[in-house]
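S.K.: Got a sequence here, can you model it:
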Amino acid sequence: MTPLGRALAERIRSEGPLSVEAYMEACNAYYYATRDPLGAGGDFTTAPEIHQMFGELVGAALSDVWVRAGRPDDAVYAELGPGRGTLAEDALRVLRRAGFAGQMHLVETSPRLREEQAKRLPGAKFHDELGDLPKSPLLLVANEFFDALPIRQFVEGRERHVIIAGGGLAFDRDGPIEEISPARDAVTTQLAQHLAAHGGAAIIIDYGYCRGEQGDTLQAVRSHAFSYALDHSGEQDLTAHVDFAALAQAAKIGDVQASRAVSQGTWLETLGIGARAMALAAKNPQDTDRIAAARRRLCDEGEMGQLFKVIGLTGKGWPAVAGLGA
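M.R.: Purely as a prediction, here's the structure:
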C-alpha cells in the first residue's frame, strides 16, 4: 500500500467509509502535487503534447471569436489545468498574431506543474482557483481538466464508498452505477457566472458523453496503461468521463449560451486541421509521416477523435465559437 493509501486506510478506521468523491479528491490532490504526470516518462499524454496543431487551432478559434466580438482590449487568456503550458504557448502564438495583447492567467494548484509553466510562459499570472481570475472578458480553455474533478457514484440509489477489506481498499457495493459530479457542476456554474458578468468565451475539451449516459467510468492510468482505481493510491491518475449535458445545464446562467457538444475530431477537421497539416508538411517534408500520425491520433474515431468532446460557452453579446454552433 502506498503512503497515501496507508493514510486513507487510517482515515477510514477513524472516520468510517470514504465516499468515492472523497477518495478521488484526496488521491488526485496528492498525485498532482507530487509529480509531473505528462509525457513518455509520466502516466499519460494530452492532445497539446501530441502536436502543435491542436493548440494552434484552439488559438485560432479563440482569435476568431475575439475578433468577431470587437477585439475587446481588456480580454485575457485563461486556462484551467494548463499542464506543462504547451497548449497556452501554441494558442497564444496564434492569438498574438491576430493582435491580441491581453494577459495570460493560469489556474493551477500543482507546484511541480507551475514550475514547468513558468519556464515556458514568462509573464504568466497564477491562480489557485477560477474565482481568482480578473473581472474581465475571458478567452478560456479547459483541456482535460473536468475529467479529474471528483465524482459521486450510486448503486441502486445508495452512495458507493471505499472501505477496508482483506487488508486493502475495496468498494462497499457493486452493481449498475450512476455518476454525478457536484464539483464539475460548481466549476461550470462559476465559469458561466463570470461570462455572464464580464463576457468572453470558453472552450471545454475532454473525454465523455453527450446525452446523460450512465455507468461506471472511474478509471486509473499509470505508466500509460489502465490500472485498478483503488491500487497505487495517489500514484496514478484518477479520472471519470465528463457528462457534457450536465455541463451545459450547469452553465445556464443569465444570457450565457452553451453550444452543442461535438466530437474533437469533427471540430478539428471543421477548423482546418487538414490544411494546417498539409502546410506544415510542405515546410517540413521530413516530418510528413509524424504530422499525419498526429492528425490521425487527434481526429480518428478509433483514437481521440470520437471519445473526446468539445463544448463552447459564451457570454452575452459574444458570438459562438467556430465549429460549435448553438
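
S.K.: Let me see the contact set for L247.
M.R.: Contacts for L247 (CB atoms under 8 Å, 6 or more residues apart in numbering) come out as 146, 184-185, 188, 204, 258, 311. Every C-beta, even on glycine, is put in place using the N, C-alpha and C of the backbone.

S.K.: Let me have the residues you listed in a markdown table, extended by distance to G212 and neighbour count.
M.R.: Converted to a markdown table, the contacts of L247 look like this (distance: CB to CB, whole Å; neighbours: other CB atoms under 10 Å):
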| residue | distance to G212 | neighbour count |
| --- | --- | --- |
| F146 | 16 | 26 |
| R184 | 14 | 25 |
| D185 | 13 | 17 |
| T188 | 15 | 28 |
| I204 | 17 | 30 |
| A258 | 15 | 24 |
| I311 | 14 | 27 |
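
S.K.: could you redo those as CSV and give each row distance to A245?
M.R.: Formatted as CSV, these follow (distance: CB to CB, whole Å):
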residue, distance to A245
F146, 13
R184, 12
D185, 11
T188, 12
I204, 13
A258, 10
I311, 10
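
S.K.: Which ones among those residues lie within helices?
M.R.: In this view, the contacts of L247 that belong to helices under DSSP state H are 184-185, 188.

S.K.: just these now: which is nearest V58?
M.R.: T188 (18.7 Å; CB to CB).

S.K.: Quick one: the helices in the stretch 151-300 of the chain, in order.
M.R.: 182-198, 244-250, 264-271, 273-283, 288-299 (DSSP state H, counting those that start in this stretch).

S.K.: which residues does E159 bridge with?
M.R.: According to DSSP bridges, the partner residues bridging E159 are F154.

S.K.: And for it, the neighbour number?
M.R.: 14 (other CB atoms under 10 Å).

S.K.: Same question for R260.
M.R.: R260 has 15 neighbours, counted by other CB under 10 Å.

S.K.: wait, L121 sits on L106?
M.R.: Yes. Applying CB atoms under 8 Å, one finds L121 in contact with L106, separated by 7.4 Å.

S.K.: Poorly predicted segments of the stretch 201-326 of the chain, please.
M.R.: Low-confidence segments of the stretch 201-326 of the chain, defined by pLDDT under 70: 326.
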